[in-house]
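Q: This is a predicted model, with the sequence first.
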Amino acid sequence: MKTYYNPEDLKKFGKIGEFQKSMADKFFDYYGEVFKEGALTAREKALIALAVAHAIQCPYCIDAYTVDSMEKGCDEEQMMEAVHVAAAIRGGASLVHGTQMMNKVKELSM
Amino acid sequence: MKSLKAQNHPLSNSQYEIELLESPDFGISFVQKLDESQLYPLKPLHIETLQINMGKMCNQVCQHCHVDAGPDRKEIMTREIMEDCLKVIEKNNIKSVDLTGGAPEMNPDFRWFVTEIRKIGKDINIIVRCNLTIILANPKFHDLPEFFKKNRIEVVSSLPYFSAARTDAQRGDGVFEKSIKALKMLNDVGYGIERSNLILNLVYNPSGAFLPGSQEGLQAEFKKKLGNNFGVSFNALFTITNIPISRFLDYLIRSGNYEGYMEKLIESYNPNAAANVMCRTSISVGWDGFLYDCDFNQMLDLKVETPQSQHISDWDNFTLKNRNIVVNQHCFGCTAGAGSSCGGATA
Ligand code: SF4
Ligand code: SF4
């Protein structure tokens, strides 16, 4: 069955440079730099990436950062808490717009 | 749970395992990779460590065990073979003796052997790969921490995770709780305590079909979690990659992860790790005295390729030092990422 997403395509990510090398090189250099140990540990960054992957709902990133988080020693509970952070922010972001609706209602109401 | 051997499982036949490892075409062989790194044939640098497998008997039956050890395994090293080992250690200036199994402590001559090794040299680094739960398995083992201390043994123990769920999934129900108790007993006599000179190192191997992350990062996390949650301390954490043989291979196949895992190992090949594989500095002795390039080759029954010096009783240092190391597809486990050896990452 044909689908838009194919897990095999994740392995081809590194080959993005085939069509435009210099930008891809710059991107992957930057990408590598971002995920190094820094003020945040590589482990903390993996959990942030996992949460963001769920927020943007990218199946490639969810796969990749689930593996990365496991390799870096995160457990199921920590990973699920990261996903809840994404869910809370996404839910909260919808809900907080309720204030805009409330403002409008109040503006129009007697 | 029974060992593969007791189940009469096809993977308990090393010939079958090797055929299986060689059969899928992953596009490249380990030999080709070594050749590209100018490391083929793979040669020893020197022989400083003797890793001795004292038997396959164990009180645990871990899911990932490359030895296929367990209570139903009866293969055990005799005192006669140990005497041959002692001669080799003495004559050849062996610097480190690494005792493994199964649970080496279950061998009835274990204490005698350790004491004799210590008599040969006070500076020999004697390592015991202790699975921790053995200390609590029977009252006759409760004083092991004291025995280790008396003989200045370095203790290396597996703890795949700092929580019960993942540890028990790999090593069996209740293993985490017992391991913590045993670690505290070791801490109580001074093991793993700063400035005590009694070394307690932990081994982390992933509980599943993924590779270990950075040794440094995991060590920091383990120290924090074991210290804060359980009051346990240790010296260093060694990250070890699961080698795709025996029970881990069985797990990979059963869970549908075999091909993906092999691809990951191959794509993570690191030439620096290949230059530092442990078989270049050590020899492994089987329970029956036969010699192997490492404990993994031992389980695949791939003996050193020097017929004139293939048993501890025929040890010939010159021949062994000039041998070609026997390699196959499972070796990709030693060269992935930061590398893997019985002492952790290598690159
Ligand atoms: S991994 Fe170690 S403790 Fe577990 S069954 Fe094998 S020898 Fe025993
Ligand atoms: S599996 Fe054994 S022979 Fe192969 S590279 Fe690792 S230590 Fe060397």
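A: Now that the structure is in, tell me what you want to look at. Ligands and ions are numbered 1, 2, ... in the order given.
Q: Please count neighbours and contacts with C-alpha atoms only from this point.
A: Fine.
Q: hey, which helix or strand in chain A has the poorest pLDDT?
A: Here the helix or strand of chain A ranked lowest by mean pLDDT, DSSP states H and E is helix A:7-10, holding a mean of 89.
Q: So is that helix next to chain B?
A: No - shown here: helix A:7-10 not in contact with chain B (C-alpha under 8 Å from any C-alpha of the partner chain), separated by at least 10.7 Å.
Q: Which part of the stretch 151-300 of chain B gets nearest to chain A, residue-wise?
A: For the stretch 151-300 of chain B, the residue closest to chain A is B:Gly213, as judged by C-alpha to the nearest C-alpha, at 4.6 Å.
Q: got the contact list for B:Ile120?
A: Contact partners of B:Ile120, counting by C-alpha atoms under 8 Å, 6 or more residues apart in numbering or on different chains, are B:Glu90.
Q: Return the distance of it relative to B:Asn93.
A: 10 Å (C-alpha to C-alpha, to the nearest Å).
Q: Same check on B:Leu34?
A: Using C-alpha to C-alpha, B:Leu34 is found at 30 Å from B:Asn93.
Q: More neighbours: which of those two?
A: With neighbours defined as other C-alpha atoms under 10 Å in any protein chain shown, B:Leu34 and B:Asn93 compare such that B:Leu34 has more, 18 against 14.
Q: tell me the mean pLDDT over the strand or helix carrying that one?
A: For B:Leu34, the element it lies in under DSSP states H and E is helix B:30-36. When pLDDT is averaged over helix B:30-36, the result is 97.
Q: quick one: secondary structure of the nearest residue to B:Ser196 once chain neighbours are set aside?
A: Counting by C-alpha to C-alpha, 6 or more residues apart in numbering or on different chains, the nearest residue to B:Ser196 once its immediate chain neighbours are dropped is B:Gly190, at 6.0 Å. What DSSP: H, G, I helix; E, B strand; the rest coil gives for B:Gly190 is coil.
Q: Check B:Gly190 and give its pLDDT.
A: 98.
Q: and the helix holding B:Leu34, anywhere near ligand 2?
A: No - counting by C-alpha under 6 Å from any ligand atom, ligand 2 has no neighbours in helix B:30-36; the shortest distance is 9.1 Å.
Q: and the next element down the chain from that helix?
A: Helix B:30-36 is succeeded, C-terminally, by strand B:49-53 (DSSP H and E).
Q: Quick one: residues in contact with that next one.
A: By C-alpha under 8 Å, 6+ apart, strand B:49-53 touches B:77, B:89, B:94-102, B:104, B:281-287, B:294-295.
Q: Kindly recompute the last result at 7 Å.
A: The contact list for strand B:49-53, computed with C-alpha atoms under 7 Å, 6 or more residues apart in numbering or on different chains, reads B:94-101, B:281-287.
Q: Show only the entries of those residues found in strands.
A: Secondary structure from DSSP state E places B:Ser96, B:Val97, B:Asp98, B:Leu99, B:Thr100, B:Ser282, B:Ile283, B:Ser284, B:Val285 of these in strands.
Q: which residues touch the residue of the stretch 101-250 of chain B found nearest ligand 2?
A: Of all residues in the stretch 101-250 of chain B, B:Ile243 sits closest to ligand 2, at 7.5 Å by C-alpha to the nearest ligand atom. B:Ile243 makes contacts with B:His330, B:Gly333, as judged by C-alpha under 7 Å, 6+ apart.
Q: any idea which helix or strand carries it?
A: Using DSSP H and E, B:Ile243 sits within no helix or strand.
Q: what does the one 4 residues further on give?
A: Element membership of B:Arg247 [criterion: DSSP H and E] is helix B:246-254.
Q: right, and the helix or strand after that helix?
A: Beyond helix B:246-254 toward the C-terminal end (DSSP H and E), the next one is helix B:258-267.
Q: what sits up against that next one?
A: For helix B:258-267, using C-alpha under 7 Å, 6+ apart, the contacting residues are B:Phe26, B:Ala209, B:Leu252, B:Phe332, B:Gly333, B:Ala336.
Q: Which of those fall within helices?
A: Residues of the contacts of helix B:258-267 located in helices (DSSP state H): B:Leu252, B:Phe332, B:Gly333.
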